[in-house]
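Chemist: Curious how this folds, go ahead:
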Amino acid sequence: MEPDICYREPAPVGVRSHALPQSGYRDGAAIACNAGGLMELRWLQDFLMVAETGNFTRAAEKRNTSQAAFSRRIKSLEAWLGFDLIDRSVYPTQLTPQGERFREHAGELLRQMLDSRVELGGKPLRRNEHIRIALPFAMATARLPHWWQAWSQERRLSCSVVVGNIHDLVTSLVSDNVDLMICYHHAQQPIHLDPDRYERVTLGTEFLRPYASEALVAKGGASLPGRASHPVPLLMYSPGVYFARLVDLILETAPIFGVRAIESDMSDVLCGMALSGRGVAWLTEGTVAASGRKRLVPIGGNKWALPLSLVAFRGRMHDGQRALNLFWSELCRHSAGHAGGGLAKGLAKTGSRPPAKRPGKLLS
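Modeler: Next up, the predicted model:
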């Protein structure tokens with residue numbers, strides 16, 4: 001079954017309410033307002049978006065509205081609740097203590113309301129069979145289609161796919177906006193998640209290594225480490241991107257003479273540029289294989305390559321969700337069947353990593 005990716009937002013729904021229960025917001029599935037006011041579900045969606053992004057402008061863009069209208073809706077929600085959710089005295093945007101507490105329940109409350117609307121509208125809802133997955137764009141395009149076919153085999157599952165950078169993915173996980181997160185991981189750039197709250201499983205390994213087109217290699221324009229008189233054209237990740245930090249780790253131990261020709265935060269963009277002969281790009285083996293671009297060849301050997309783990313995380317608090325438990329068990333089963341396979345194959349092809357020398361420096 002293919003992933004079920006929905007982009008259309010539900011229409012605003014007005015819900016009359018009563019006072020919030022003192023025991024917490026989970027009991028307020030039929031959310032209510034003092035003085036019989038009207039609350040719109042999109043206010044909750046707006047709040048969760050600004051809580052996730054930490055920025056009113058970006059949140060308004062993602063919600064496809066003006067910043068002024070977006071701010072008015074947040075203020076309406078605060079007036080409805082009777083307390084401030086956003087601390088507007090600091091920058092960047094932060095939630096108030098009440099906002100942090102409300103955030104813990106707003107996502108679940110929103111899902112309850114939307115589920116009820118669908119179910120009562122005569123459309124049976126199988127929520128226990130729906131999985132929400134967050135992962136990087138490169139992994140979503142290169143790995144997820146194959147993974148999903150294996151993981152969902154013989155199960156009636158659907159999924160929502162959230163793609164983004166590592167920071168946004170972690171935020172989605174800790175905000176309970178997704179059920180699990182899958183990402184690349186390296187010990188020198190670890191993902192800091194409390195092991196008491198989140199469990200993890202390693203799904204496999206692959207290498208991040210430099211690639212260039214056959215034509216550029218044939219012309220001698222992609223020979224590492226390059227020379228000061230003939231620097232290598234580099235297709236680099238934008239500063240702050242997780243892969244950019246990983247490439248920096250490689251170049252710290254194996255410097256090169258190079259010049260930045262193109263920057264992007266997306267592997268697919270750099271992959272396409274490398275194929276057109278614009279320079280050398282560090283790509284995962286999965287990205288190159290999934291693109292079917294056989295005219296890209298790895299260069300430089302293991303000296304400029306870095307092994308990465310493919311790791312899945314999920315919150316331990318979701319142990320009661322049957323479908324997620326079954327899905328997680330399937331991930332663990334596939335993990336056990338492929339333990340060490342990717343790294344072992346990579347080392348067999350390229351040999352052990354030789355001692356690093358320092359031939360030169362990276363030119364800007």
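
Chemist: Could you tell me the phi and psi values at Gly279?
Modeler: With angles defined as degrees, to the nearest 10, Gly279 sits at phi 160, psi -160.

Chemist: wait, isn't it in contact with Ala212?
Modeler: Yes: in this structure, Gly279 is within contact of Ala212 by Cβ atoms under 8 Å, at 7.2 Å. (Each C-beta comes from the backbone N, C-alpha and C, glycine too.)

Chemist: Show me whatever sits in contact with both of these two.
Modeler: Both Gly279 and Ala212 are contacted by Ala222, under the criterion Cβ atoms under 8 Å, 6 or more residues apart in numbering.

Chemist: which of the two has more neighbours?
Modeler: Ala212 (29 against 24; other Cβ atoms under 10 Å).

Chemist: so how far is stretch 56-75 off the chain centroid?
Modeler: 22 Å (Cα atoms, centre = their mean, to the nearest Å).

Chemist: Give me the residues contacting it.
Modeler: Counting by Cβ under 8 Å, 6+ apart, 9, 40, 42-43, 45-47, 49-50, 52-53, 85-86, 93 sit against stretch 56-75.

Chemist: For the stretch 101-250 of the chain, just list every one of the strands.
Modeler: 130-135, 158-163, 180-185, 198-213, 232-237 (DSSP state E, counting those that start in this stretch).

Chemist: and the ones you listed as TSV, adding distance to Leu109 and mean pLDDT?
Modeler: As requested, these are arranged in TSV below (distance: least, Cβ to Cβ, whole Å; pLDDT from 0 to 100):
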stretch	distance to Leu109	mean pLDDT
strand 130-135	16	90
strand 158-163	18	89
strand 180-185	21	94
strand 198-213	23	93
strand 232-237	38	96
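
Chemist: Put together TSV for the ones you listed, with distance to Arg72 on each row.
Modeler: Output for the strands of the stretch 101-250 of the chain, formatted as TSV (distance: least, Cβ to Cβ, whole Å):
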stretch	distance to Arg72
strand 130-135	29
strand 158-163	27
strand 180-185	33
strand 198-213	36
strand 232-237	37
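
Chemist: between the ones you listed, which gets nearest to Gly301?
Modeler: Gly301 sits nearest to strand 198-213 of all the strands of the stretch 101-250 of the chain, at 8.7 Å, using Cβ to Cβ.

Chemist: Which elements pack onto the host helix or strand of Leu48?
Modeler: Using DSSP states H and E, the element containing Leu48 is helix 41-53. Packing partners of helix 41-53 (3 or more Cβ pairs under 8 Å, 6 or more residues apart in numbering; DSSP states H and E): helix 56-62, helix 67-81, helix 97-120, helix 166-174.

Chemist: The same query, at a cut-off of 6 Å, please.
Modeler: When contacts are defined as 3 or more Cβ pairs under 6 Å, 6 or more residues apart in numbering; DSSP states H and E, helix 41-53 packs onto helix 56-62, helix 67-81, helix 97-120.

Chemist: I'd like those helices as a markdown table, with mean pLDDT, mean neighbour count and distance to Leu180 appended.
Modeler: Formatted as a markdown table, those follow (pLDDT from 0 to 100; neighbours: other Cβ atoms under 10 Å; distance: least, Cβ to Cβ, whole Å):
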| stretch | mean pLDDT | mean neighbour count | distance to Leu180 |
| --- | --- | --- | --- |
| helix 56-62 | 87 | 18 | 22 |
| helix 67-81 | 90 | 16 | 29 |
| helix 97-120 | 78 | 16 | 15 |
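
Chemist: Which of those sits closest to Leu283?
Modeler: helix 56-62 (27.6 Å).

Chemist: could you dump that closest one to CSV, C-alpha only?
Modeler: Output in CSV follows, covering the C-alpha atoms of helix 56-62 (Å, rounded to 0.1, in the frame of the first residue of the first chain):
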residue,chain,number,x,y,z
PHE,A,56,5.3,33.5,13.3
THR,A,57,6.4,34.3,9.7
ARG,A,58,7.3,30.7,8.8
ALA,A,59,4.2,29.4,10.6
ALA,A,60,1.9,31.7,8.6
GLU,A,61,3.5,30.7,5.3
LYS,A,62,3.0,27.0,6.1
